[in-house]
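okay, structure incoming, though there's no sequence with it:
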DNA sequence: ACACGTCGGGACGCAACCGTACCGTCGTTG
DNA sequence: CAACGACGGTACGGTTGCGTCCCGACGTGT
């Protein structure tokens, strides 16, 4: 089944890793600067100091290229170590998110790709996979632990919980783009804990005892 | 100072409103379909059934065109009527937001423009103005009222409060794009109220009584 | 009734980018 | 050490979009 006649590429006939890296870096830069919509192979090649052919040899198209980058980036998952309390876990998670979103590249590329996902099924699929994975991790690990500890009700809606956890910080850093002092994270974390406690109680009016 | 010699345009020599509307609608459609980055005047003209000249007569450039649309859309502000309680006000606000983000056009265009704002100063300015206005309205009116009623501490951080209010719903509907039943809004509202109550207390560890 | 002046539309030159074909180069393999 | 074969780069035709110019059409004001 495998091709026997051809011998494996060797010597000069093997992809040079340095060039591949240069392309990857250039794609990130270009993606941040002009967005996916206006991303052009020529510009990437220019910026990387590389010929277009070098790019087309590695990826079939612009879409392939970006999808590959997304997969690579989505691969590195958060460890989400256990601190013993929901509040502690949350603080760590938010810190990691905040540090990630502080980088210009990340805070420009992520919203752009998310917006693009709304109209490009392939990107949406890859991105949703990464997102779902992330959300499930957060939901299962973080919320799951809290439920085991008795900090949250077992019938907490995981999806709603994720919204409460991720939403405010994402809005602040990626949409509103207002500066966020890392000192504010603990306060945000405790606010979210309060919200999570209430979220599982259902739409109650008036005050409820805890 | 004003030009006296020329008489005002009249008759056939006046912009036809129907065509202007057609262009506006086409821009929205196109913006949702391909995004700002790939928005082309030619495509807009094609979709509107209009010549390019008709567009250039009205707006100087693509940027002008979109900026004008943003201004127009940002003009219509939320009434934010007073229900007598923070929870009630919140429910209304979230309902309005949810209904707005349910529209395909809105949920595609808004994230796209927000992402574009990260790299286009002109769009950023216009959008930030609208956003700041919105956030200030929410902050002042909604939070301000709650403070007056004694529902929240006077030294509540308005900006952090807005993050907590807007973030979760925006994340859910515009980013995660998971379906949201309007029935879930009250629960979300009460969760946010709980978060707001805690947010002004500072980074407290351990449990606090409610 | 006529002249005015902007209307909308088609055509044009220019620039950018796509994807491919072809070129000489170079390290390994037999 | 010679030949292999993919390497990276340049050049090319085709496509798309920008912004402008010129055209006949047309409704109002004199």
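That came through, no problem. Source: prediction; values computed, not measured.

could you look up the SS state of whichever residue of chain A sits closest to chain B?
As assessed by Cβ to the nearest Cβ, chain B sits closest to residue A:37 within chain A, at 2.6 Å. For the C-beta atoms, the positions are set from N, CA and C on the backbone; glycine is no exception. Here residue A:37 is recorded as coil under DSSP: H, G, I helix; E, B strand; the rest coil.

next up, the contacts around it.
A:116, B:34, B:35, B:36, B:37, B:38 (Cβ atoms under 8 Å, 6 or more residues apart in numbering or on different chains).

for it, what are phi and psi?
phi -60, psi -40 (degrees, to the nearest 10).

if I look at the nearest residue to it once chain neighbours are set aside, how far off is residue B:66?
Nearest non-adjacent residue to residue A:37, counting by Cβ to Cβ, 6 or more residues apart in numbering or on different chains: residue B:37, 2.6 Å away. Counting by Cβ to Cβ, to the nearest Å, the gap from residue B:37 to residue B:66 is 11 Å.

let me know the pLDDT of the residue of chain A closest to chain B.
Listed pLDDT for residue A:37 reads 95.

next one: residue A:12
67.

check the one 3 residues further on too.
The pLDDT attached to residue A:15 in the predicted structure is 78.

before we move on, what SS does residue A:179 have?
Put simply, residue A:179 is coil when judged by three-state DSSP.

burial count for it?
Residue A:179 is flanked by 10 other residues according to other Cβ atoms under 10 Å in any protein chain shown.

show me the shaky parts of chain A.
A:1-7, A:9-13, A:76-80, A:202-210 (pLDDT under 70).

which residue ranges form the helices in it?
Ranges of helices in chain A, per DSSP state H, are A:17-34, A:41-48, A:52-58, A:62-75, A:86-102, A:104-117, A:121-137, A:144-149, A:158-170, A:184-199.

the longest one and DNA strand C, any residue contact?
So the one you mean is helix A:17-34. No: Helix A:17-34 does not reach DNA strand C (Cβ under 7 Å from any atom of the strand); its nearest approach is 8.3 Å.

now do that helix: which elements does it pack against?
For helix A:17-34, the elements it packs on are helix A:41-48, helix A:52-58, helix A:62-75, helix A:104-117, judged by 3 or more Cβ pairs under 8 Å, 6 or more residues apart in numbering or on different chains; DSSP states H and E.

quick one on the thing from earlier: for the contacts of residue A:37, work out which two are farthest apart.
The span of the contacts of residue A:37, defined through Cβ to Cβ, is set by A:116 and B:36 at 11.1 Å.

mind listing the shared neighbours of these two?
With Cβ under 8 Å, 6+ apart as the test, residue A:116 and residue B:36 both reach A:37, B:112.

need the residue closest to the centroid of chain A.
Central residue of chain A (Cα atoms, centre = their mean): residue A:74, 6.0 Å from the mean position.

could you measure from that residue over to residue A:191?
For residue A:74, the distance to residue A:191 - Cβ to Cβ - is 28 Å.

now swap in residue A:81 and tell me
Distance of residue A:81 to residue A:191, computed by Cβ to Cβ: 22 Å.

so which of those two has more stuff around it?
Neighbour totals were compared for residue A:81 and residue A:191, and residue A:191 leads with 27 against 10 (other Cβ under 10 Å).
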